[in-house]
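Engineer: A predicted structure for the sequence below; I have some questions about it.
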2 protein chains.
Amino acid sequence: MSLVQTGTRSPETGTAPSLRPRVVIIGAGFGGINAAMGLRHTDVDVTVIDRRNYHLFQPLLYQVATAGLSPAQVAMPIRHILRRQKNATVLMEKVEDVDKEARLVITSTRRIPYDYLVIATGAQHAYFGHDDWEEIAPGLKTIGDATEIRARILTAFEKAEVSDDAAERARLLTFVVVGGGPTGVELAGAIVELARKAIVSDFRHIDSSAARVILVEAGPRLLPAFPEDLSASARRQLEKLGVEVRLGQAVTQCDAAGVTLADGETIASACLLWAAGVTASRAAKWLEAEADRAGRVVVSGDLSLPNHPEVFVIGDTALVKGTDGQFVPGVAAAAKQMGKYAADVIKARLAGKPAKPFRYINYGNLATIGRKAAVADFGWIRLSGFPAWLLWTFAHLWFLVGFRNRVIVFLDWAWAYVTYDRGARLITERRST
Amino acid sequence: MSLVQTGTRSPETGTAPSLRPRVVIIGAGFGGINAAMGLRHTDVDVTVIDRRNYHLFQPLLYQVATAGLSPAQVAMPIRHILRRQKNATVLMEKVEDVDKEARLVITSTRRIPYDYLVIATGAQHAYFGHDDWEEIAPGLKTIGDATEIRARILTAFEKAEVSDDAAERARLLTFVVVGGGPTGVELAGAIVELARKAIVSDFRHIDSSAARVILVEAGPRLLPAFPEDLSASARRQLEKLGVEVRLGQAVTQCDAAGVTLADGETIASACLLWAAGVTASRAAKWLEAEADRAGRVVVSGDLSLPNHPEVFVIGDTALVKGTDGQFVPGVAAAAKQMGKYAADVIKARLAGKPAKPFRYINYGNLATIGRKAAVADFGWIRLSGFPAWLLWTFAHLWFLVGFRNRVIVFLDWAWAYVTYDRGARLITERRST
């Protein structure tokens, strides 16, 4: 067996002589992947660590959860993305801690020394002190979450089809999505379309199009990152599709029977989905760094940790103020820009040049609602309905990793558009039973 | 909510008046689906019961296990296949027993009366008294099995990439497939191609093309259902791809360290796959019927149970003698023919006409080995290598359920053929961790 091992590519011992600066990147989301790719022509050794083997195109994950796309269409092996980048090594490991004094990343099996560290570990669901709700109302962050949610949605219809009890059938055919941000809006729209179009001729005892989809938002409007008129438009478009929208309603209880709202109303539902909030990863704890309530690490203007210029925190894990005084939002475009920026700062430092502070450029906000329904905000122009949806479709195809995925996803969408068919309606199990 | 419920479509109570003969089909594999579709113009009520929501195109399942195709490309919701057949109802339920005197199918939640019963529950892995090996050496029957095997194969490479120990690396890069039938041959060929082509540029510390793939068969030759010269050709083609073939070697032990063969040799391996044998489903126990050692139910010439002409057993669950005196093999084509035949017998009985005994027509045997490698036996002509592979490719595309799947799978194959890429290389988890 031929083992290609250079000195700096033996992170497992930490004793081999380092010939080139070692850049360790934790997390292979939009931020981490862009940081790694930004260093592809730089004379450094890049090590990308992720506990999963795939990079996820998260903006389309809701389509996996609602049977529109297959997991492999929105995820790609990290090593495949970086296969031609010879200075990059990928390790599938779970990071446990960082020793920022000794400059070591500590995983379950080894200690990996770094000269520069980029932390891009993203965010996870937040249940605001109700972690026990996670089992009942899963959130959507990984492929595993998406196939679990898909199974729950489809199983609810299957159980309703064989139920003799009218109240139980109604409970099974009521879907509650908590949280009116982009993910909640997308999920609610996609579930109602699944029920009213894709599976409507599949059942004999139930009318799947009578399913209720209820979107609950604690704040006064949907999509708070958008201007108010687009929030109102999103609500109208959702209601036209058949979604019931409840604004200004916090959830006070989630259990197997359903959900209770702040005004005391209970909604009997067998399928609750959580899109109400995220909290940053554990990076602040690893670094013993200052963070906001959501766990985002406070960083300097160059995205590095105060007093530790060799440690960068980027993407959803970082708290960054934009030039407009607003905090940079936790969106894919911002994470990408930060990843590329961190790579640029490292290159500048190695070349002994100064680096300008990070500046977030907002190219626009897009959120999809359903078939021919979306909202788009570019500052100078606002779109909704079909033009926004067309734009959303092509923008997402364009940014989807890999030419092959783009072609296959385009064909799947074209097919679904013409036929209303959803190809991935599988309730999969982990193993045979 | 509009509930469409006719008298005969209330199997849950069993008390509603039956207006039309009730045909209950257990299992929606090739046999069950063909039985249901064969009754689509008949004045009966058809109920198809399966514990999963999908029909599986099992001949391509090994491609899911080796990252070539996605689950949704080889599986389709049963209700979707039967959505236009208005006399068919699909229930996702687990059958526990059959009361053949009272003519009831008993599931975990209800009792379903029948006038005709078709049992098409297939087969499962057989470990010949070593059921504890299943955890260590999984077999390939369901989507869950396939994604589990895919995760194990890919995780072995991931772990080898981060291992410091040469012996452990060698163990991680040794894959043992037990059983030299079509599934074992396909798996071995596909794993070696994955290692030598698709992922060869993905790693930095290991050379994935140095992975060993060992195919162990207890009998004297591979593919025993084929003529001897094609068995020999299959072996040569596999060895040319890089598979080590061990014939006449029974496995005496499987554990976490690897596998032990009858001659005492132990092979250290972290990834064992089981393709050595199948046993029929529990149908013989439900029916208290005569069965062979593999659990296959002995049926009459019209595939019905002796003394119970209203109960049919078909596909891999039935022991059927062909006109040549040989038992009909457990292949998709035979299950399809039996399903269609059972529907024809039911139609003949309802019309008061006699039914001819079942006759299996063998249109030919095909087995694929790898890229441009296969064997084909049509009796009057035998093919191997590229012509057999081309034939296999088009035959499988042709029989794949659904036009959309055919197109998408064809594009995936064409892409993989040109680029050696494998799109579905995901290690998926059940939920976020």
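Structural biologist: Cool, got the structure.

Engineer: what's near enough to touch the nearest residue to A:Glu239 once chain neighbours are set aside?
Structural biologist: Using Cβ to Cβ, 6 or more residues apart in numbering or on different chains and skipping residues adjacent in sequence, the residue nearest A:Glu239 is A:Val245, 6.1 Å away. To be clear about C-beta, it is placed using only N, CA and C from the backbone, and glycine gets the same treatment. Contact partners of A:Val245, counting by Cβ atoms under 8 Å, 6 or more residues apart in numbering or on different chains, are A:Gly180, A:Ile214, A:Leu215, A:Glu217, A:Leu222, A:Arg235, A:Leu238, A:Glu239.

Engineer: list just the nearest of the residues you listed to chain B.
Structural biologist: Each of these was scored against chain B by Cβ to the nearest Cβ, and A:Ile214 proved nearest at 15.6 Å.

Engineer: name the nearest residue to the residue most central in space within chain A, ignoring sequence neighbours.
Structural biologist: Chain A has A:Gln58 as the residue nearest its centroid, 4.1 Å off, counting by Cα atoms, centre = their mean. What sits nearest to A:Gln58 in space, not counting adjacent residues and going by Cβ to Cβ, 6+ apart, is A:Ala332, at 6.7 Å.

Engineer: the one you found and A:Asp316: what is the separation?
Structural biologist: Distance, A:Ala332 to A:Asp316, using Cβ to Cβ, to the nearest Å: 10 Å.

Engineer: neighbour count for the two, which is higher?
Structural biologist: A count of neighbours by other Cβ atoms under 10 Å in any protein chain shown puts A:Asp316 above the other of A:Ala332 and A:Asp316, at 29 against 17.

Engineer: just to check, the more buried one is in contact with A:Ile119?
Structural biologist: No: counting by Cβ atoms under 8 Å, A:Asp316 sits too far from A:Ile119 to count as a contact (10.9 Å).

Engineer: okay, A:Val401: pLDDT?
Structural biologist: Residue-level confidence at A:Val401 comes out at 69, pLDDT.

Engineer: which residues touch the worst-scoring helix or strand of chain A on mean pLDDT?
Structural biologist: Least confident helix or strand of chain A, by mean pLDDT, DSSP states H and E, is helix A:403-419 with a mean of 77. Residues outside helix A:403-419 that contact it (Cβ under 8 Å, 6+ apart) are A:60, A:68-69, A:73-74, A:76, A:198, A:371, A:393, A:397-398, A:400, A:421-423, B:404, B:407-408, B:411-412, B:415, B:419, B:421, B:423.

Engineer: ok so, going back, which SS state does the residue nearest to A:Glu239 fall under?
Structural biologist: When classified by DSSP: H, G, I helix; E, B strand; the rest coil, A:Val245 comes out as strand.

Engineer: could you pull out the strands for the stretch 251-400 of chain A?
Structural biologist: For the stretch 251-400 of chain A, the strands defined by DSSP state E, counting those that start in this stretch cover A:251-255, A:258-261, A:266-268, A:271-274, A:278-280, A:297-298, A:304-305, A:308-313, A:318-319, A:365-370, A:373-377, A:382-384.

Engineer: among these, which comes closest to A:Val105?
Structural biologist: With distances scored as Cβ to Cβ, the stretch of the strands of the stretch 251-400 of chain A nearest to A:Val105 is strand A:308-313 (10.6 Å).

Engineer: partners of the closest one, with directions?
Structural biologist: Here strand A:308-313 has these sheet partners by DSSP bridges: strand A:116-119 (parallel), strand A:304-305 (antiparallel).

Engineer: chain center to the longest one: distance?
Structural biologist: Relative to the chain's own centre, strand A:116-119 is displaced by 21 Å; criterion: Cα atoms, centre = their mean, to the nearest Å.

Engineer: which helices and strands sit right next to whatever helix or strand comes next after it?
Structural biologist: Towards the C-terminus, the helix or strand next in line after strand A:116-119, according to DSSP states H and E, is strand A:123-125. Under the contact criterion of 3 or more Cβ pairs under 8 Å, 6 or more residues apart in numbering or on different chains; DSSP states H and E, strand A:123-125 touches strand A:278-280.

Engineer: can you pull the buried residues of the strand it packs on?
Structural biologist: A:Val278, A:Thr279, A:Ala280 (16 or more other Cβ atoms under 10 Å in any protein chain shown).

Engineer: before we move on, what about stretch A:224-240?
Structural biologist: A:Phe226, A:Leu230, A:Ser231, A:Ala232, A:Ser233, A:Ala234, A:Arg235, A:Gln237, A:Leu238.

Engineer: would JSON lines of these with distance to B:Gly258 be doable?
Structural biologist: Compiled in JSON lines, these are given as follows (distance: Cβ to Cβ, whole Å):
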{"residue": "A:Phe226", "distance to B:Gly258": "58"}
{"residue": "A:Leu230", "distance to B:Gly258": "60"}
{"residue": "A:Ser231", "distance to B:Gly258": "60"}
{"residue": "A:Ala232", "distance to B:Gly258": "64"}
{"residue": "A:Ser233", "distance to B:Gly258": "62"}
{"residue": "A:Ala234", "distance to B:Gly258": "57"}
{"residue": "A:Arg235", "distance to B:Gly258": "60"}
{"residue": "A:Gln237", "distance to B:Gly258": "58"}
{"residue": "A:Leu238", "distance to B:Gly258": "56"}
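
Engineer: of those residues, which pair is most distant in space?
Structural biologist: The span of those, defined through Cβ to Cβ, is set by A:Phe226 and A:Leu238 at 13.4 Å.

Engineer: out of the contacts of helix A:403-419, which are buried?
Structural biologist: Looks like these have A:60, A:68-69, A:73-74, A:76, A:198, A:371, A:393, A:400, A:421-423, B:404, B:408, B:412, B:415, B:421, B:423 buried, using 16+ other Cβ under 10 Å.

Engineer: hang on, the earlier thing: and the least confident helix or strand of chain A, how far out from the chain middle?
Structural biologist: So, by Cα atoms, centre = their mean, the centroid of helix A:403-419 is 21 Å from its chain's centroid.

Engineer: coming back round to it: how about the buried residues of stretch A:224-240 in TSV, adding distance to chain B?
Structural biologist: Below are the buried residues of stretch A:224-240 laid out as TSV (distance: Cβ to the nearest Cβ, whole Å):
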residue	distance to chain B
A:Phe226	27
A:Leu230	31
A:Ser231	29
A:Ala232	30
A:Ser233	30
A:Ala234	27
A:Arg235	25
A:Gln237	25
A:Leu238	21
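
Engineer: which of the residues you listed fall within helices?
Structural biologist: Of those, the ones assigned to helices by DSSP state H are A:Leu230, A:Ser231, A:Ala232, A:Ser233, A:Ala234, A:Arg235, A:Gln237, A:Leu238.

Engineer: so who does the residue nearest to the centre of chain A touch?
Structural biologist: A:Gly29, A:Phe30, A:Val74, A:Lys141, A:Ala332.

Engineer: count of neighbours near the residue lying closest to the second one once chain neighbours are set aside?
Structural biologist: What it means is A:Phe30. Spatially, and ignoring its direct neighbours in sequence, A:Phe30 is nearest to A:Ala335 (4.0 Å; Cβ to Cβ, 6+ apart). Each residue near A:Ala335 was counted by other Cβ under 10 Å, and the total is 28.

Engineer: same deal with A:Ala126?
Structural biologist: With other Cβ under 10 Å as criterion, A:Ala126 counts 18.

Engineer: repeat that for A:Asp207.
Structural biologist: By other Cβ under 10 Å, the residues close to A:Asp207 number 16.

Engineer: residue boundaries of the strands in the stretch 1-150 of chain A?
Structural biologist: Listed in chain order, the strands of the stretch 1-150 of chain A (DSSP E, counting those that start in this stretch) span A:22-26, A:45-50, A:54-56, A:75-77, A:88-92, A:95-99, A:104-107, A:111-113, A:116-119, A:123-125.
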